[in-house]
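Visitor: Let's see this in three dimensions:
(chains A and B)
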Amino acid sequence: MNKTFDQHFRQGCIVGMGIPGISLAASFFALGALFKNTGLDATQSFLSTLISFALPGQVVMAETLIVQGTFLNIFLSVFLTNARLYPMTINLIPVIREQNRPRWHYYIVAHFIAVTSWVHMLNNYKTVEKENRFSFFLGLSATLWIMSTITTVIGFYTAGVISKNIFIAIIYLNPIYFMCMIVAGLNKNYIILTVVLSVILSPLLFLVTPSWSVLIAGIIAGITSYLIFIR
Amino acid sequence: MSANYIYIAILLSAAATYMSRFLGVLSAKYVNEEGKLFKFVSCISYGILSALIARIFIHPVGALEQTSTFIRIFVAGLTIVVLFLRKRMFCYHHFLGLFYLVF
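Guide: Take a look at the predicted model:
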């Protein structure tokens, strides 16, 4: 690792420890409490965030455990819930790609791709030189991963200690942060239309097909916007 | 629930999650930063993410179900207003959500 890599890696870590890290940590803190109520122990809660690091899928896993779902049921429901990571990864890798970097590095960094790091990187990548984006993203996302893993355990041990209202507010912090980042990044026509259509379609489709509404709304909105503005 | 059942469930969840990331890296080699495909994938990604946020605001699951839809939308709307009024400090405005929900 050279000096430039270190410098940008460190810069990513510092950004990660700021608002993105605090928002994400709040959600994983709540997840820790949920895991305790589900019947997991501290080691299992820690391991889940360490090797999955995708909150909606972890919540679905906990819910399926409560109803004693089969392994196939758990696998498929988590896979479908986290399917959003597929387009997000395809979108992010070209942004952080470096000419001489070995391919396996991207398979490792892929584990750290989550909504918070993705939104932050996509909104700010033009402020980082192309050859430094990988190290910056690695610093940012690995910091978020470590903070999330630690706060899951803290949430597990402090479940029931904090008041219900504060607990609910903590859960709400991360969606509000995502919303702020998306709204702040609305600078292209095709993204604006996509977001507006998704926000309208998602709650409507929920009434028809609750489990598929997010994926279908996102895909319809994305394709419509692409056909109107880009094709 | 036995410990083994939970551990296997955690491992399967991790595999199911990483599969999307793995396939994403595999497919990304056909995409370049300036191409149409990149913009198409951006549309789909932003679409899914916005749909997810809208769903959390309007049809949440878990503890957020205990709050009223009006309060959730009101907090989100107020945060956006403040975001536009004080754009330079936008990162801090989502903390308003925490404040309004508690009080």
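Visitor: Can you give the domain ranges for chain B?
Guide: Chain B is divided into the following domains under automatic domain parsing: B:1-30, B:32-102.
Visitor: neighbours of residue 3, just the number please.
Guide: No chain specified, so I'll use chain A. For residue A:3, the count of nearby residues is 7 (other C-beta atoms under 10 Å in any protein chain shown). No exception for glycine: its C-beta is placed from N, CA and C like everyone else's.
Visitor: To clarify, I was referring to chain B.
Guide: Residues near residue B:3, counting by other C-beta under 10 Å, number 11.
Visitor: Quick check: it vs chain A, distance?
Guide: Plainly put, residue B:3 is 8 Å away from chain A if you go by C-beta to the nearest C-beta, to the nearest Å.
Visitor: what does residue B:27 give?
Guide: 5 Å.
Visitor: mind listing what that residue touches?
Guide: A:86, A:90 (C-beta atoms under 8 Å, 6 or more residues apart in numbering or on different chains).
Visitor: Which helix or strand contains it?
Guide: Assigned by DSSP states H and E, residue B:27 belongs to helix B:3-28.
Visitor: got it, and residue A:33?
Guide: Assigned by DSSP H and E, residue A:33 belongs to helix A:19-38.
Visitor: Which secondary structure elements does that helix sit against?
Guide: If you count contacts as 3 or more C-beta pairs under 8 Å, 6 or more residues apart in numbering or on different chains; DSSP states H and E, helix A:19-38 packs onto helix A:42-51, helix A:55-66, helix A:115-124, helix A:133-158, helix A:164-184.
Visitor: Let's see that with 10 Å instead.
Guide: With contacts defined as 3 or more C-beta pairs under 10 Å, 6 or more residues apart in numbering or on different chains; DSSP states H and E, helix A:19-38 has these neighbours: helix A:3-16, helix A:42-51, helix A:55-66, helix A:115-124, helix A:133-158, helix A:164-184, helix B:90-93, helix B:95-102.
Visitor: Of the ones you listed, which is nearest residue A:91?
Guide: Closest approach to residue A:91 among those is made by helix A:115-124 (7.0 Å; C-beta to C-beta).
Visitor: Restrict the lowest-mean-pLDDT helix or strand in chain A to CA atoms and write it as CSV.
Guide: Least confident helix or strand, chain A: helix A:164-184 with a mean of 83, by mean pLDDT, DSSP states H and E. What follows is helix A:164-184, C-alpha atoms only, in CSV (Å, rounded to 0.1, in the frame of the first residue of the first chain):
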residue,chain,number,x,y,z
LYS,A,164,-39.8,3.3,23.5
ASN,A,165,-40.0,6.7,21.9
ILE,A,166,-36.3,7.2,21.6
PHE,A,167,-36.0,3.6,20.3
ILE,A,168,-38.5,4.4,17.5
ALA,A,169,-36.8,7.7,16.7
ILE,A,170,-33.4,5.8,16.4
ILE,A,171,-35.0,3.4,13.9
TYR,A,172,-36.4,6.3,11.9
LEU,A,173,-33.0,8.0,11.7
ASN,A,174,-31.6,5.9,8.9
PRO,A,175,-34.5,6.1,6.4
ILE,A,176,-34.5,9.9,7.0
TYR,A,177,-30.8,9.9,6.2
PHE,A,178,-31.3,7.9,3.0
MET,A,179,-34.1,10.3,2.0
CYS,A,180,-31.8,13.4,2.6
MET,A,181,-29.0,11.9,0.6
ILE,A,182,-31.3,11.0,-2.3
VAL,A,183,-33.0,14.4,-2.3
ALA,A,184,-29.6,16.2,-2.1
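Visitor: Lovely, talk soon.
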